[in-house]
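[1] How does the following fold in three dimensions:
(2 chains)
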Number of protein chains: 2
Amino acid sequence: MGQPEQSRDVGGQMPPKDTRDGEAFSRWYVAAIRRSEIADYFEPVGGTMVIRPYGFGIWENMQAGLDRRFKATGHRNAYFPLFVPESFLRKEAKHVEGFAPEVAWVTHAGGEKLEERLAIRPTSETIIGHFYAKWVQSWRDLPVLINQWANVVRWEKRTVFFLRTTEFLWQEGHTAHRTYDEAQEETMKMLDVYAEFAETELALPVIKGPKTEREKFPGALMTYSIEALMPDGKALQSGTSHNLGQNFARAFDIDFLDQDGERRHAWTTSWGMSTRIMGGMLMAHGDDQGLILPPRIAPIQVIIVPIPAKSEEDQTRVETAVAALLRELDGGGVRAEADRSDKRPGWKFNEWEMKGVPLRIEVGPRDLANDQVTLVRRESRAKEQVSLDGAPRRAADLLVEIQAALLERARTFREAHTATVDDYEGFQASMAERRGFLRAYWCGSAECEARIKDATRATIRVIPADAEADGPGACVYDGAPAERRVLFAQAY
Amino acid sequence: MGQPEQSRDVGGQMPPKDTRDGEAFSRWYVAAIRRSEIADYFEPVGGTMVIRPYGFGIWENMQAGLDRRFKATGHRNAYFPLFVPESFLRKEAKHVEGFAPEVAWVTHAGGEKLEERLAIRPTSETIIGHFYAKWVQSWRDLPVLINQWANVVRWEKRTVFFLRTTEFLWQEGHTAHRTYDEAQEETMKMLDVYAEFAETELALPVIKGPKTEREKFPGALMTYSIEALMPDGKALQSGTSHNLGQNFARAFDIDFLDQDGERRHAWTTSWGMSTRIMGGMLMAHGDDQGLILPPRIAPIQVIIVPIPAKSEEDQTRVETAVAALLRELDGGGVRAEADRSDKRPGWKFNEWEMKGVPLRIEVGPRDLANDQVTLVRRESRAKEQVSLDGAPRRAADLLVEIQAALLERARTFREAHTATVDDYEGFQASMAERRGFLRAYWCGSAECEARIKDATRATIRVIPADAEADGPGACVYDGAPAERRVLFAQAY
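    Next comes the predicted model:
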């Protein structure tokens, strides 16, 4: 998508969400984010952006949904320093190799040149390793189950709202355990939490599984991820969970006196999900009218639009009905607002559709004469008249239906864009034409993996759980024996 | 308090909270924070610290209390970039003069030297001014009422847990208005929110009022603050609210087309409260046994300590009672935990007292034989036996009483340490001996203010609302006519 366009983005028609044309899709995405006041680029510092209140309201709901799940699985939040001394990054060889090129360095502070330059954290394994080494002395101190909500910085030349930004917001879980098995169990548990969160809250179906050696986190023993499919056929890595083995425990001396009196290195994990998946969710559900927000994370779930009346009596009736609806929806735990501005109803319909509010209630004098209001679903644009009294209950039910319909639609899209291929010509043609997920045999060689990427830009996203269902076969690239199919896609 | 001590802080007796001896008080504070696992210094980067889960749990409760109040007053959250280009800071002359000496600078990123160095935000007025200039076009776009939760960096040589750290967590509200009056109303409203929050949630009584020219925020028209008194007689500025006038609107071109067709500069405000007040709250309420947390922000409000029984039957009875209590307290919205570790009860009593848990319930076989349990208040150490059935209800009531008692105690302390002085010898003697707040006449001259500070380290904290109650008088320093008394103190 290249450099960000100018920020001033005047109104008018939304560009269509043409998913066969990558550039058109990119124009749609940028316009949808800007016009709905979700976010804005900060041109003076390439790669950075502001998350505006409407966008941050989504993130707050996402945070609440994740935080609840983390606490239910025994984790507690903490806050570690932003600054990572360069020597810390260097303690784990693969880690520094992976992150050093993306680091922003503080070299001067308080009017002086620093003795050692400080990285703005690109991730916190090293600084957390330092503290866990102090806090963990005995097997009784384990497990340590901590999460942090924070900003991190990884310098990027290209900018795409949420998907690729220099600074982003995320959570990073960091845990330490007595045994490999416990660390592995934690790694898989949090992968499952991510997948369930993505599907339940964001209506975003994901495929989970381990990464290949080439794609894993720098310093990890194993990396697992959840992968979503975007409307343009590209995959989005949406959350990762790493079994770090004893790599960071060795680098930072996280050791403990075990029950048998032996000193042992702890086994650690880390797992993260960021504002990136928010971008994926926005991409996935929109249409030519703009965004479509899943009700569970929509800051406004129901927008009430009063239709102006001609008589004063009717106008009072409209206003009374709007106030009553707001009160009852709020009492029922529905996030509802009324748009009482002096704009025309048609303008308001477009505006709130563009912003993706899942359900609209139109309250007009004609409907009210029959004690009715009109409900309009954003995702299907289906309309129905319901009684004024029954509207709050019906709205709550429809929100549940809309959430389910969005997940179902995304799942259907993904299935329609997942193909099984056994020949490399077919593989190349698929990647050139409609992309999507390709299930193909891979012999396990890093060279085949690299060559496929060079030729088609497709990478192995994960080795999915059903990888072995088809039994062994021949590598799609070099024909060598392959134990299983893996999941290929071009990726953001 | 000088440089931080070594982090490893072995157990044993807490140092006494001797508030007449500043160094002893400092030892108490550092030990209380460390041993209770609230926070830990990060020696490799002077001035930074980690907030551990028990401390972060307090901050989460504080955040929730503030966030609720911000939203109830019409504000919404957003997130602005961490990096502030140097040219932005320079746009407001007083602002850069105030902040430049404390800035941490990013000079290299992504493997290259940056063309312009970037400040890690010490505060966000400038970057927010840039965006408000884009977002505000017409009087219809006003007011803009946004808050941000973020980390900020101000390079400090000295470190004191929470009170003085290089990186800290805070919220910063930033609003833009059509008129001076609206901006002033907002400034005062948020000052009131801060004062009410400090007293209601933290049991920390504060005095509010405007700062002098010398003490105001760099770039503000007027700064107001809330000031709390610490046990060692020093004041702690605990939250500030600024009317920025049109200073930032002029520097960043935040202008709008007014109703009458004229273009005008907006009037802006900003207001912030940080982890600093958390330090103040911890200092204020502790005693020789350790911390005392106000129930409303305590992560654990009730700790249940089972007393081991000799017979298996009694042991089962204890366990059953503990489980029932936990369930009922939780159902009643009380944050309760049971300490089922294999430590001795006496050890647990000390541990949870040190951590400041407001109420302990002891569940032992002897009490249970009479269908009773023992409740122990942390702040007064008062004990009472209550029936097992009635314990959850009584615990909830006691938490309310404890919260009120802490506020009352802090208020009594403050009153006992607030004096009215009219002669400079008395002023100097008071500041040398027991510090505290001194109400004294001040003629309004910046020179008197500076000389008093040089001689006594006391500054004018605020000009309190009751400043004019005593009528005019003579300046405590030079005897010149003074309209009112102001509030002096040495400050953190």
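[2] Run a quick neighbour tally on A:Pro472.
    For A:Pro472, the count of nearby residues is 11 (other CB atoms under 10 Å in any protein chain shown). (C-beta placed from N, C-alpha, C; glycine too.)
[3] where's it relative to B:Arg377, distance?
    Using CB to CB, to the nearest Å, one gets 69 Å for the distance from A:Pro472 to B:Arg377.
[4] Equivalent analysis for A:Arg485, please.
    65 Å.
[5] Compare neighbour counts for those two and give me the winner.
    The residue with more neighbours, out of A:Arg485 and B:Arg377, is A:Arg485; 25 against 18, by other CB under 10 Å.
[6] tell me, what residue is most central in chain A?
    A:Ile277 (1.1 Å; CA atoms, centre = their mean).
[7] Now it: which helix or strand?
    helix A:276-285 (DSSP states H and E).
[8] Okay, buried residues for that helix please.
    Using 16 or more other CB atoms under 10 Å in any protein chain shown as the test for burial, helix A:276-285 gives A:Arg276, A:Ile277, A:Met278, A:Gly279, A:Gly280, A:Met281, A:Leu282, A:Met283, A:Ala284, A:His285.
[9] What's the mean pLDDT across the helix or strand following that helix?
    Next in sequence after helix A:276-285, counting helices and strands by DSSP H and E, comes strand A:302-306. Averaged across strand A:302-306, pLDDT comes to 98.
[10] The helix holding A:Ile277: how far from the chain's middle?
    From the chain centre to the centre of helix A:276-285 is a distance of 6 Å (CA atoms, centre = their mean, to the nearest Å).
[11] Dump it to CSV, restricted to CA.
    Extracted C-alpha coordinates of helix A:276-285, given in CSV (Å, rounded to 0.1, in the frame of the first residue of the first chain):
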residue,chain,number,x,y,z
ARG,A,276,-3.0,-5.5,14.2
ILE,A,277,-5.9,-7.9,14.6
MET,A,278,-8.2,-4.8,15.0
GLY,A,279,-7.1,-3.9,11.4
GLY,A,280,-7.8,-7.5,10.3
MET,A,281,-11.3,-7.3,11.8
LEU,A,282,-12.0,-4.0,10.1
MET,A,283,-10.8,-5.3,6.7
ALA,A,284,-12.7,-8.6,7.0
HIS,A,285,-16.3,-7.3,7.7
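[12] Now that helix: average pLDDT?
    For helix A:276-285, the mean confidence score works out to 98.
[13] Is that helix positioned near chain B?
    No: using CB under 8 Å from any CB of the partner chain, helix A:276-285 never reaches chain B; the gap is at least 11.6 Å.
[14] At the contact with chain B, which residues of the stretch 351-492 of chain A appear?
    Residues of the stretch 351-492 of chain A lying close to chain B by CB under 8 Å from any CB: none are found.
[15] tell me, how many neighbours does the residue in the stretch 151-300 of chain A that chain B sits nearest to end up with?
    Residue nearest to chain B within the stretch 151-300 of chain A: A:Trp155 (3.3 Å; CB to the nearest CB). Neighbour count for A:Trp155, taken as other CB under 10 Å: 22.
[16] where's the residue in the stretch 301-450 of chain A positioned nearest to chain B relative to A:Leu359, distance?
    Going by CB to the nearest CB, chain B is nearest to A:Ser341 of the stretch 301-450 of chain A, at 8.7 Å. As judged by CB to CB, A:Ser341 and A:Leu359 stand 19 Å apart.
[17] more crowded one of these two?
    Per other CB under 10 Å, whichever of A:Ser341 and A:Leu359 has more neighbours is A:Leu359, with 27 against 11.
[18] How about that one, nearest residue that isn't a chain neighbour?
    Distance criterion CB to CB, 6 or more residues apart in numbering or on different chains; nearest residue to A:Leu359, sequence neighbours excluded, is A:Val302 at 4.8 Å.
[19] In contact with the one you found, which residues?
    A:Leu329, A:Val334, A:Arg335, A:Ala336, A:Glu337, A:Val357, A:Pro358, A:Leu359, A:Arg360, A:Ile361, A:Ala395, A:Leu399 (CB atoms under 8 Å, 6 or more residues apart in numbering or on different chains).
[20] if you set the cut-off to 10 Å instead, what comes out?
    Counting by CB atoms under 10 Å, 6 or more residues apart in numbering or on different chains, A:Val302 touches A:295, A:325-326, A:329, A:334-338, A:352, A:357-361, A:375, A:391-392, A:395-396, A:398-399.
[21] got it, and A:Arg264?
    A:Trp139, A:Arg178, A:Thr179, A:Gln246, A:Ala249, A:Ile254, A:Asp255, A:Phe256, A:Leu257, A:Asp258.
[22] ok but A:Glu115 is inside a strand, no?
    Yes: checked against DSSP: H, G, I helix; E, B strand; the rest coil, A:Glu115 lies within a strand.
[23] And for it, the neighbour number?
    Neighbour number of A:Glu115 under other CB under 10 Å is 6.
[24] how much space is there between it and A:His108?
    Look at A:Glu115 and A:His108: by CB to CB, they are 11 Å apart.
[25] need the contact list for the closest residue to A:Glu353 other than its chain neighbours.
    Of all residues not flanking A:Glu353 in the chain, A:Gln289 sits nearest, at 4.7 Å (CB to CB, 6+ apart). By CB under 10 Å, 6+ apart, A:Gln289 lies in contact with A:Gln13, A:Met14, A:Pro16, A:Lys17, A:Ala32, A:Phe349, A:Asn350, A:Glu353, A:Met354, A:Gly356, A:Arg378, A:Arg381.
[26] okay, now the domains of chain A?
    Residue ranges for each domain of chain A read A:22-285, A:300-398, A:418-490, as given by automatic domain parsing.
[27] would you list these in JSON lines and tack on distance to B:Thr123?
    Below are the domains of chain A laid out as JSON lines (distance: least, CB to CB, whole Å):
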{"stretch": "domain A:22-285", "distance to B:Thr123": "16"}
{"stretch": "domain A:300-398", "distance to B:Thr123": "31"}
{"stretch": "domain A:418-490", "distance to B:Thr123": "42"}
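[28] most neighbours per residue, which of those?
    Most buried of those, by mean neighbour count (mean count of other CB atoms under 10 Å in any protein chain shown): domain A:22-285, with a mean of 21.
[29] Not counting its neighbours along the chain, what's nearest A:Val462?
    Once flanking residues are discounted, A:Val462 sits nearest to A:Gly209: 3.4 Å by CB to CB, 6+ apart.
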